[in-house]
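Novice: pasting the sequence and the predicted model now:
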Amino acid sequence: MTLELMSYHVIGKKTIRKDGVAKVTGREKYASDIYLPNMLYARVLKSPYPHARVKSIDTSEAEKIGAVVITFKDVPDILFCPRLVSTPEATYKDWRVLTDKPSYVGEPIAAVAAETEEIAQKAIELIKVEYEVFEPSFDPLESMKDGKPKIHEKIILNDKEVIIENNIACKLELQEGDLEEAFKNSDVIIEREFKTNRGYHNQLEPKTAIVNPEPDGGLTIWCTTQSIHNTRLLISEIFKIPISKINVKKVALGGGFGSSIQTNIVVPIAVALALKARRPVRLAYTKEEDMHEHSSYQMIFKFKIGAKKDGRLTGGYMINIMDIGAHQIQAYPLLGTCAGWWVSLYKLQAMKYSGIAVYTNKVPSCAYRGYGNPQVTWAVETIMDELAEILGIDPIEIRLINYIGEGDLFWGQGPTVKSVIKSCGVEEILKKGALLIGWKDRPRPRDQKGRFRRGIGMARGYHTSSAGAPISSQVIDYSGAILKVNEDGTIDYITAMVDHGGGTLEAHAKIIAEEIGVPLKNVNIVSADTQTTVYDVCTHASRGIYAGGGAALNAARQVKKKILELASRILDAYPHSLKIRPDEERGQGIVYVEGSSRKEITIGELATLARIKNWGTIAAVESYRPPACPPHFTGYFVEVLVDTETGMVKPLKVVIGADVGTLINPDLAEGQLHGGFMMGWSRAILENLNYSKDLGDMECKGFIIDYKMPTVMDIPDEIKTFFVETYEPTGPFGAKGLGEGAQNPAIAAIANAIYNAIGIRFYELPITPEKILEKLKQSKEIEKLDLEKEVVKSEVA
Amino acid sequence: MKIKLIVNNVEKTLDVEPNELLLNVLREKLGLTGSKYGCGIGECGACTVLVDGEPVLSCLTLAVEVDGREITTVEGLDVNGELDPVQEAFLEEGAIQCGYCTPGFIMIAKALLRENKNPSRSEITEYIKGNLCRCTGYINIIKAIQKASEKIALRERNII
Amino acid sequence: MRADYVNIVNTHIVPVKLTYHAPKSIEESLRLLANYRKKARILAGGTDLVVDMKLRRKEPEHIISLKKIKELDYIVDDGSAVRVGAATKLRTIEKNKIIRERFQALYEAVRSIGSIQVRNMGTLVGNICNASPAADTAPPLLIFNATVIAKSLNGERTIPINKFFKGPGITSLEDNEMVTEVSIPYPPENSGSSFLKISRVGMDLAKVNVAVLVKLDKGVVEECRIALGAVAPTPLRISKAEEYLRYKSINEENLRVVQEIVAEEIKPITDVRSTEWYRREVSKILVRDAIKLSVERVKK
């Protein structure tokens, strides 16, 4: 592999990203930077109650000041699901554009558009609403109890009504092998319960939509989205506008982390307003509104895991109770992936899984970097550490004994998405990481004295690269690419895929340049929209490089073939005897006959000749379904310092190893690991959307002044990253994904490090200084009691 | 109210209301959308601009308050297509991901390097702590500022 | 309870109609203040006021900007006290040599406030007039026995800082008065001061903040001043603990007693930032650490 890597001219090279200059000069346009002539400003009226029904609504005063007003009465009376990644039989629909039965504080009831934001805001305050208030539920276990008010009565699945009982949104049960037998054959069985936090993505750009009604009855839309095609499909579904008349423009996205896999509610609201006003409408949420738009799933896990004395796992049972908030975005598929994340970490002879998704009166939950994987990995990797300690095996060793690797069946994306692993660097990651952190010299829990205690913890994990599979599944996963060769020798790359900033499209450009044999600067990533691109499902599931890059590679292969065919006419040689080399000096790809130095032509000359000779444009269209969703593996080693008097934890040193197959963007991949750690750190020790029963809302009320994320002052003193060399045979140039695996084991490694420092395990996230100090005080009390007992005992003796 | 701003070295006479915020004037009246709205309450730093060279949160600044002052936004840093050393360093060090926070970081870095040509790591972190980034984990942003400092030193000695 | 705020906050604008005044003298601003009283607000840095207007916590009809009153932007060392004008930015204060060298607790407190941008806009006087129980400059001003100069058309008043704070967001200012200066007397010889703060992240409001000044005489405490913030409706001095430590030496046992007194005297609450229990626990730690740090600084 090393030899092959050496021969790449752009793959694996550090380059200046193509969107970089626009981003550093402030010229990059995000959805929120779009202002249109004659545009109206929109604002949304949101429910101040977590669970209510609108008895009456009076918009006349708002209309009097010149605002265009819509309420739940003015939007199509249909239920929809804002996320269109799953097949219809896995897509539960319980959303309306505007509702008369709000089920969380912040749910949109009505909206206005006016000449200025000031008038729009005034109009919102002039709308009079009377509510009938119902009892809310902020706890999934409460929600499920008999007699609790129903958050939804009937929803839609695959065009059929589903009656909701006990606020249970959906369920999934799975079983493989003989679990009773497996437990019987276990030397040790461990049972634990975990509760995760509810997180807010806190992407920097709040959700925004700008909608321009076109004269033909169609719409042009600029919005925050991870999928322009799914946005178009959804708007067509809701408003019954022909798909072809809706054009969603791709713009830069100010962070996603899963919060725009679904079409954000601002989009259909802005569409409804624009249709009524017949003018362009801009609806830009504020941070506070954004926090009332999306959050992560909160989960309660119950695990029972068996193991043999030698460390081999036998069987396991997992119960997963998910608090999904007030609406379904992807609860059902998530029930499947949570099982998948679990069983694809370590080998089990038998497994049973009961997953249940429950409605509560909270902001709807959606995917948040890792789609349940960081949470499941935290639980499983805590248990692996505990088993290692019980069995007296090194934590790294017990993982090496059990991990799922090359040749094993893998179903990370859920039970309908199975494939076989063909590349795996787990062992190398763990061994190298251990060396770099100083694993064998790590402190032993409970051995340390004094105020400040050091701890080293590790955890491993993975994420799928895409949700592809050899056969069709319940998850839609394919990508598209269009390439055309210009007369100056450059190649336009047109893709619907959104780059969240990780450098996805930079990687595609490298793949194209490498495959065809042109300098990287000759690949243009050009503007794109739904009219000019073929379908791409979404930038999620860490699929950008693997699936999107796969489409780009196949398109590049087609283009290369055409270039060689046409060049063969001019160079008077067989196409298969021609080669292309990138000539940086001439700034061109050059087609040549090997061994014949005079027979060559630049791609620009070729494209020009092809025009003059009426041979046509060299171009290709590709729609590509990835044959698998290979796991990219990561390992985290974290050293922390715990202040036992304040409970504060500080990250000292972090080592992260990753197996991404062939590394395409080395510096940007490293950036994914840096960002992954900080996000994981935050989820481990800091972030949580606590709900206040008094407010019916989040305690922080949507203010980031009270929903903190780490600042630059909170980063570790030292962070080391490394990539191990593997080659994924199904990936473009052997590459896999990274975005989510970059974070998945972080929480677990941090929690294990805290345990290593102070000898206390935490089963509820986040592990705040408050919780740490409380447990430390309790354990001191216990120690004191034990000591007193010892004294009594010795006195008696 | 009539005010005069010198925005990126160009004098602009504007008619603004007393309650208008500098950020909105820049973005909507002058079309300079490089400065971003992140939180609107001074917590994220995405709207940072320089007023007479000093870093200021444009989301909390009334436009009338800066009447007659010099405003520098991220759009005003490159000269005739040549990037500022801070911009170059951000590009070269992988300090940009989604890019939404980037203009704010670049402006605060400009202010820092104007005050302190050779800042230590802790001086950098202290200076930029009011700018939030969710993508990069800040590591490469610190590297970029260190590199920008080196670039400026070299430029001053006419080495590059 | 209705969460009506979801329809009011936040917007991209200041949705409050304003009349803007930029007086050129203190006199002129006092006249405006006397005229508009509660309908007016003084704008110095804007980092609190503009947020409050955006979030509709304050809806003044008149804004009196201090930006043209150059006479309010100063730091003067008069040999026995340092006087800071109402328009003086926090950033100017932290860059001041005397503040950094002689008023260490204040220097550290200022540096812990917000971001460079916020400190470049905000003022010391604004920080105290906002009267947040967690205001970082309050504990150091309390231990330095600062005084607040308030002016109105009726004349001038000197308010000791410990009489200035009345409750969350409430000061002892009349609605025709404006603070023109904070005067901070020199700390005594042979003393050291320090400021410590615990918060959630590197830029944040305090869960608890503490300032301590210790004056030693041959290893014995001649005077100790202890102030805490974010643990009661106003920042407060813990005089019982101060008295206890007077004429005693700093040892573990005495410090333990001080910690217990502090824990009894404060009245923390549970809010979104932390819990009552935790605030009490770490107050004890911060006070002890700040005393030790201050003692170290005396020796220097």
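Specialist: Perfect, I can see it now.

Novice: any weak-confidence spans in the stretch 101-250 of chain C?
Specialist: Counting by pLDDT under 70, the stretch 101-250 of chain C contains no low-confidence range.

Novice: in it, what residue comes closest to chain A?
Specialist: Closest to chain A within the stretch 101-250 of chain C is C:Gly202: 2.3 Å, counting by CB to the nearest CB. Every C-beta, even on glycine, is put in place using the N, C-alpha and C of the backbone.

Novice: please tell me how far that residue sits from A:Glu142.
Specialist: 37 Å (CB to CB, to the nearest Å).

Novice: who has more neighbours out of those two?
Specialist: Using other CB atoms under 10 Å in any protein chain shown as the criterion, C:Gly202 and A:Glu142 rank with C:Gly202 on top: 17 against 14.

Novice: burial measure for A:Pro140, as a count.
Specialist: With other CB under 10 Å as criterion, A:Pro140 counts 24.

Novice: which ones are touching the closest residue to A:Lys560 other than its chain neighbours?
Specialist: Nearest-residue entry for A:Lys560: A:Ile516, 4.9 Å, with adjacent residues in sequence omitted and distances by CB to CB, 6 or more residues apart in numbering or on different chains. A:Ile516 sits next to A:Ile491, A:Ala556, A:Val559, A:Lys560, A:Ile563, A:Ile580, A:Gly589, A:Ile603 when contact means CB atoms under 8 Å, 6 or more residues apart in numbering or on different chains.

Novice: against B:Asn116, how distant is B:Gln87?
Specialist: With distances taken as CB to CB, B:Gln87 is found 19 Å from B:Asn116.

Novice: for A:Arg557, that is, sorry about that
Specialist: Using CB to CB, A:Arg557 is found at 52 Å from B:Asn116.

Novice: repeat that for A:Val640.
Specialist: 31 Å.

Novice: A:Gly461 too?
Specialist: 41 Å.

Novice: mind checking which of the two has more residues around it?
Specialist: A:Gly461 (32 against 13).

Novice: helix or strand right after the helix or strand in which that one is found?
Specialist: For A:Gly461, the enclosing helix or strand under DSSP states H and E is strand A:452-464. Moving toward the C-terminus from strand A:452-464, the next helix or strand (DSSP H and E) is strand A:479-485.

Novice: what does the residue nearest to A:Lys560 show for phi and psi?
Specialist: With angles defined as degrees, to the nearest 10, A:Ile516 sits at phi -80, psi -40.

Novice: repeat for A:Ile760
Specialist: Dihedral angles (degrees, to the nearest 10) for A:Ile760: phi -120, psi 130.

Novice: in contact with it, which residues?
Specialist: Each residue near A:Ile760 by CB under 8 Å, 6+ apart is listed here: A:Ile754, A:Ile772, A:Lys775, A:Leu776, A:Ser779.

Novice: what about the first one, which helix or strand?
Specialist: Looking back up the chat, that one is A:Ile754. helix A:746-758.

Novice: and what of the second one?
Specialist: With elements delineated by DSSP H and E, A:Ile772 resides in helix A:769-796, which encompasses its position.

Novice: give me the mean pLDDT for that helix.
Specialist: Averaged across helix A:769-796, pLDDT comes to 79.

Novice: go on, stretch B:124-142?
Specialist: 98.

Novice: from the chain's centre, how far out does that stretch sit?
Specialist: Relative to its chain's centre, stretch B:124-142 lies at 14 Å (CA atoms, centre = their mean, to the nearest Å).

Novice: and it, C-alpha only, in CSV?
Specialist: Extracted in CSV, the C-alpha atoms of stretch B:124-142 (Å, rounded to 0.1, in the frame of the first residue of the first chain):
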residue,chain,number,x,y,z
ILE,B,124,-3.6,33.5,22.0
THR,B,125,-6.2,31.3,23.8
GLU,B,126,-6.9,34.1,26.3
TYR,B,127,-7.5,36.6,23.4
ILE,B,128,-9.7,34.4,21.2
LYS,B,129,-11.8,32.8,24.0
GLY,B,130,-14.8,34.8,23.1
ASN,B,131,-15.1,33.2,19.6
LEU,B,132,-16.8,29.8,19.4
CYS,B,133,-16.1,27.1,16.9
ARG,B,134,-18.0,23.8,16.9
CYS,B,135,-16.0,22.1,14.1
THR,B,136,-12.3,22.4,14.6
GLY,B,137,-11.7,21.9,18.3
TYR,B,138,-9.7,25.2,18.0
ILE,B,139,-6.4,23.3,17.7
ASN,B,140,-5.7,24.4,14.1
ILE,B,141,-7.0,27.9,14.7
ILE,B,142,-4.2,28.3,17.3
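
Novice: and that stretch with chain C, contact?
Specialist: Yes - counting by CB under 8 Å from any CB of the partner chain, chain C has neighbours in stretch B:124-142: B:Thr125, B:Glu126, B:Tyr127, B:Ile128, B:Lys129, B:Gly130, B:Asn131.
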